[in-house]
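A.B. asks: From the sequence below, what's the structure:
(chains A and B)
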Amino acid sequence: MRDTLELTLNGESQTLEPPLSVAGLLGRLGIESRKVAVERNLEIVPRSLYAETWLATGDQLEIVHFIGGG
Amino acid sequence: MIDFSEEEIERYSRHILLKEVGGTGQAKLRAASVLVVGAGGLGSPLLLYLAGAGVGRIGIIDDDRVELSNLQRQIAHRTEMVGKAKALSAAAAAGALNPGVVIEPHVERLDAGNALELIGRYDIICDGSDNFATRFLLSDACFLTCRTLISAAVLRFEGQLSVFKPHADKEAPCYRCLYPEPPPPELVPNCSEAGVLGAVTGVMGTLQATEVLKEILGIGESLSGRLLIWDALATRMRVVRLRRDSACRLCGPMGEIHDLAAHVRRKAPLRVA
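C.D. replies: Predicted coordinates:
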């Protein structure tokens, strides 16, 4: 059992303490979930699943900003 | 045989040369109708490329007037059009590029009262609007009318693009599967607050036009179920998978949005842009 979570966040390596969900990660980063989408391993995580999507070592995460300009 | 005039054959010769388009594809473009929402940074190249491509009927809706600060990116307008209605200015530019297509300007704001009727008059709807109220209204109205929504957005040096057609495929997501609700207004700025590099809107509007043409022609791989994200500063473009959210309030099995009632504006609307 690993006691650290090593993942890539916005292209940078991060070591975090497990267990950590997508919701937990946003909380830890201080990011309001209503203004982002979260991409995990090249797939957008549905916002309804943030609390139950557990991060694993090796995950590639990107925070996608919610933009609406034209 | 498809009845193209000699002038049309010459005008569209570079399309007709493409085996994926040809005369049959060019006829599909001529038979198609597209609504462009917003005659701004995205709408400018989008409208011009659709008109140039010979899309037979194109609507353009915008209730704003051309301002000097628009011209850094909204290239369908000319300096002498400052103060004129954007929908008319953009329609004039598109009509000058290709007098052979019908351009329908709508000088009004898309709202809960006119959205379903207006959208119902076109095959494909393009979101190039500058505010979240319009984006969510369009999302819901396109779902309710079973219209394909091709949605692009920009801010600063970043662009996003996707195709939403949940009516066409039970696996295909809608806009609310990506962004369930509008963000709180104070959390996400718009272009007039945060700025945008003009050329970024040009690239995104042109990518949007390309996806519209692909959808009409039925060629290549649809962007439905995928989100394109472009970071111009990093020169990094990536395409990520976007699945339907089974908890989606719009297209999910427990969907609770059945009309545009939530979009009815209050007496003093808060303008985002």
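A.B. asks: The helix or strand B:A51 falls within: what's the following helix or strand?
C.D. replies: Taking DSSP states H and E as the definition, B:A51 sits inside helix B:43-53. With elements assigned by DSSP H and E, the helix or strand that comes after helix B:43-53 is strand B:57-61.
A.B. asks: Could you give the separation of that next one from the chain centroid?
C.D. replies: 10 Å (CA atoms, centre = their mean, to the nearest Å).
A.B. asks: That one close to chain A?
C.D. replies: No: Strand B:57-61 lies out of reach of chain A by CB under 8 Å from any CB of the partner chain, never closer than 12.1 Å. Quick note: C-beta positions are derived from backbone N, CA and C, even for glycine.
A.B. asks: Which strands and helices lie in contact with that strand?
C.D. replies: strand B:33-37, helix B:43-53, helix B:86-97, strand B:102-106 (3 or more CB pairs under 8 Å, 6 or more residues apart in numbering or on different chains; DSSP states H and E).
A.B. asks: nearest to chain A, of those?
C.D. replies: helix B:43-53 (6.8 Å; CB to the nearest CB).
A.B. asks: now the helix holding B:A51 against strand B:57-61, angle please.
C.D. replies: Using axes from the mean of the first three to the mean of the last three CA atoms, to 10 degrees, the inter-axis angle of helix B:43-53 relative to strand B:57-61 is 170 degrees.
A.B. asks: Now do helix B:43-53, average pLDDT.
C.D. replies: On average, the pLDDT along helix B:43-53 is 98.
A.B. asks: right, is it up against chain A?
C.D. replies: Yes: Helix B:43-53 lies within reach of chain A by CB under 8 Å from any CB, at B:G43.
A.B. asks: Now do that helix: everything it contacts.
C.D. replies: A:70, B:12, B:15, B:29, B:34, B:36-37, B:39, B:58, B:60, B:62, B:73-77, B:90, B:93-95, B:97-98, B:101, B:103, B:126, B:128, B:152, B:201-202, B:205-206, B:208-210, B:212-213 (CB atoms under 8 Å, 6 or more residues apart in numbering or on different chains).
A.B. asks: Centre of the chain to that helix, how far?
C.D. replies: That offset, for helix B:43-53, works out to 10 Å (CA atoms, centre = their mean).
A.B. asks: what angle separates it from helix B:86-97?
C.D. replies: Using the same axes, to 10 degrees: helix B:43-53 against helix B:86-97 is 30 degrees.
A.B. asks: and helix B:43-53 with strand B:33-37, angle?
C.D. replies: 160 degrees.
A.B. asks: ok, and the closest non-adjacent residue to B:G128?
C.D. replies: Excluding the flanking residues, the one nearest B:G128 by CB to CB, 6 or more residues apart in numbering or on different chains is B:L42, at 3.3 Å.
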